[in-house]
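Q: Pasted the sequence and its predicted model underneath.
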Amino acid sequence: MTGPTRRRVLGSLAAGGASLALPAMVRAGAGSARVVIVGGGFGGATAARYLKRHAPQLQVTLIEPAPRFHTCPFSNLYLAGLRSWDSLGHGFEGLRGAGIDVIHARADDVDASRRTLRLSTGQTLGWDRLVLSPGVDMRWDALPGYDEAAALLAPHAWKAGLQTQLLRRQMEAMADGGSFVMVIPDNPFRCPPGPYERAAMVAHYFKQHKPRSKILLLDAKDNFSKKGLFLQGWKALYGDMIEWVGLADDGRVTRVDAKALTVETAFGQVHKAAVLNVIPPQKAGFIAERAGVVDASGWVPVKAESFETRQVAGIYALGDATLAAPMPKSAFVANTQAKLAAATIAADLLGRAPPAAFYANTCYSLIGPGYGISVAGVYRAEDGRIIEVPGSGGVSPSDAEAAFRADEAAYGASWYAAICTDTWGA
Amino acid sequence: MAKPPRIWVSNAKPARGEIVRVRAQIEHQMESGLRSDEAGRLRPRNIVRKFEARLGQTLLFTWEPGISIAQNPYIEFTFAARDSGELVMVWADEKDPPLEARKTITLS
């Protein structure tokens, strides 16, 4: 595993931050600079807190519509009945307490030449540096038959909120023996192991309440994150309840009928669902388009060493919205990118040398209570690209004993508590 | 080449001039010739070298996949339905007899 390496990397980042925060090093005038951050999730909230930590004199403003931010990580456990909805919600008192101005509004438009941001309240904010961490939007034009209206019948539940609660209600209302069908997109999309963890968490709920039910996964690809471990874990805990159909076996869905709760595959097979969970293709959040920082892929290309956008100087982007492969679109990655970008922006505004760009990721997935698996990696910038540090990463062993899986389940819960504290404080 | 090819057409009874969409996929390793086996020897190349689609006697198009094409090659194409006839698709690799898939197209 990567523990020691990761600690060393994060330690060196923190040390860099401490020296930046010394008031004596702050140049006159730099303290009045204003950084505006869009998005109160793992990327945005982390960036806000770490900017204030590096340079307390900066004016830091964070824009987030929701008064409480509900996390996608662990929302599958809510579907399973293993977490309460409230335990996924995080307020912004910690940020306000750190001197960050939090405005609950939607960011509607960016004027990159005037360096302004317009809010849904009509207010316009000026900025010296803009940080966009808007997460993903669904590509409603990508999968015929699946639009915003269809999502009210066949929820994606891929942004934690009403959609997640709707999916849980549909699972509760479903009769025993029903078929839960999940449609899974091709890469890249938010949270690569997420659909497969969800399958396990839905199975956990069915096993207890509706044991004759089936789960069918229709996938647009042949391989996925931690595939061997998931297949093994599904089998161990749920027998044949979960069936996964990949691209080679006609798993790619090309049409959705949300009213009939049917989906059609590329080669014309029609599958009928009792509960239909469609995870459509995605793109960077809307405001990234308005800022002119997305490319033809719909995502935001960034500079590997800073996460400044390639398109517009002075605008940074973080998290799921960015093209940061080989780093996955995960909460951990958004958090680690935010720390690097915050240190870079602080150094830039204070006239200091930029920090060295190291990044890390860990993704825990829960297959059942006391059965966890993980994947980890360490990354750095090299010649303008992000590369995985050779020998740094790894996944859980395939032949681990039950005690190992139980430990990883506990580590996953600790990870969630720790990263939420790091991101939102308190 | 264990399983038969998988094919789908948007409409087997199109109106004259209608654009018909075709999807076709076979299971094939697409062995590039660049991979080595456990003993370190190169695995012999065996890829689909030629794909051909005809409607009756009319050649719609050919495709010559290279070694960069992924395993289980998938192709999707359209044609304008000008005649009735049998849509015939043929995949030829470097080792086994060619695979064939057929679908009758009848102008409505």
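A: Perfect, thanks for sending it.

Q: so how far is the one helix or strand residue A:208 maps to from its chain's centroid?
A: Element membership for residue A:208, per DSSP states H and E: helix A:194-209. Centre-to-centre, helix A:194-209 and its host chain are 20 Å apart (C-alpha atoms, centre = their mean, to the nearest Å).

Q: Give me the buried positions along it.
A: A:194-207 (16 or more other C-beta atoms under 10 Å in any protein chain shown). C-betas here are computed from N, CA, C, even on glycine.

Q: how far off helix A:194-209 does whichever helix or strand comes after it point, in degrees?
A: Counting by DSSP H and E, the next helix or strand C-terminal to helix A:194-209 is strand A:214-219. Calculated by axes from the mean of the first three to the mean of the last three C-alpha atoms, to 10 degrees, strand A:214-219 forms an angle of 170 degrees with helix A:194-209.

Q: how far does stretch A:311-331 stretch from start to finish?
A: 24 Å (C-alpha to C-alpha, to the nearest Å).

Q: Any residue of stretch B:24-34 touching chain A?
A: Yes: using C-beta under 8 Å from any C-beta of the partner chain, stretch B:24-34 reaches chain A at B:25, B:27.

Q: Do you have the helices of the chain handy? List them.
A: Assuming you mean chain A. Along chain A, the stretches classed as helices by DSSP state H are A:3-20, A:42-54, A:75-80, A:93-97, A:162-173, A:194-209, A:227-238, A:286-290, A:331-350, A:402-424.

Q: got the CA positions of the fourth one in PDB?
A: Written as PDB, here are the backbone C-alpha positions of helix A:93-97 (Å, rounded to 0.1, in the frame of the first residue of the first chain):
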ATOM      1  CA  GLU A  93     -20.000  27.000   9.500                       C
ATOM      2  CA  GLY A  94     -16.500  25.700   9.400                       C
ATOM      3  CA  LEU A  95     -15.600  27.800   6.400                       C
ATOM      4  CA  ARG A  96     -17.300  30.900   7.700                       C
ATOM      5  CA  GLY A  97     -15.500  30.400  11.000                       C
END
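
Q: who does it touch, helix- and strand-wise?
A: Helix A:93-97 is packed against helix A:42-54, with contacts defined by 3 or more C-beta pairs under 8 Å, 6 or more residues apart in numbering or on different chains; DSSP states H and E.

Q: How far does the helix it packs on sit from its chain's centre?
A: 16 Å.

Q: ditto for stretch A:219-236
A: 20 Å.

Q: Which parts of chain B are helices?
A: Along chain B, counting by DSSP H, no stretch forms helices.

Q: in the stretch 251-400 of chain A, which spans are strands?
A: With DSSP state E, counting those that start in this stretch, the ranges of strands along the stretch 251-400 of chain A come out as A:253-257, A:262-265, A:270-272, A:275-278, A:282-284, A:300-301, A:315-317, A:322-323, A:358-368, A:371-382, A:385-388, A:394-395.

Q: Can you pull the residues of chain B lying near chain A?
A: Applying C-beta under 8 Å from any C-beta, we find that chain B lies next to chain A at B:6, B:7, B:8, B:23, B:25, B:27, B:72, B:74.

Q: and the closest residue to residue A:88 other than its chain neighbours, what does it touch?
A: Closest residue in space to residue A:88, ignoring its immediate chain neighbours: residue A:70 at 4.7 Å, by C-beta to C-beta, 6 or more residues apart in numbering or on different chains. Counting by C-beta atoms under 8 Å, 6 or more residues apart in numbering or on different chains, residue A:70 makes contact with A:85, A:88, A:89, A:90, A:160, A:161, A:164.

Q: Which single one of the residues you listed is nearest to residue A:336?
A: Among the contacts of residue A:70, residue A:90 lies closest to residue A:336 (C-beta to C-beta), at 18.2 Å.

Q: so what's the closest one bridging to?
A: In this entry, residue A:90 is beta-bridged to residue A:69, by DSSP bridges.

Q: is it true that it touches residue A:421?
A: No: look at residue A:90 against residue A:421 with C-beta atoms under 8 Å: they stay out of range, at 9.4 Å.

Q: more neighbours, these two?
A: Counted by other C-beta atoms under 10 Å in any protein chain shown, residue A:90 and residue A:421 do not tie: residue A:90 has more neighbours, with 23 against 12.

Q: Not counting residues beside it along the chain, what's closest to residue A:426?
A: According to C-beta to C-beta, 6+ apart, the nearest residue to residue A:426 is residue A:94 (4.2 Å).

Q: quick one: the one you found from chain B, how far?
A: Plainly put, residue A:94 is 47 Å away from chain B if you go by C-beta to the nearest C-beta, to the nearest Å.
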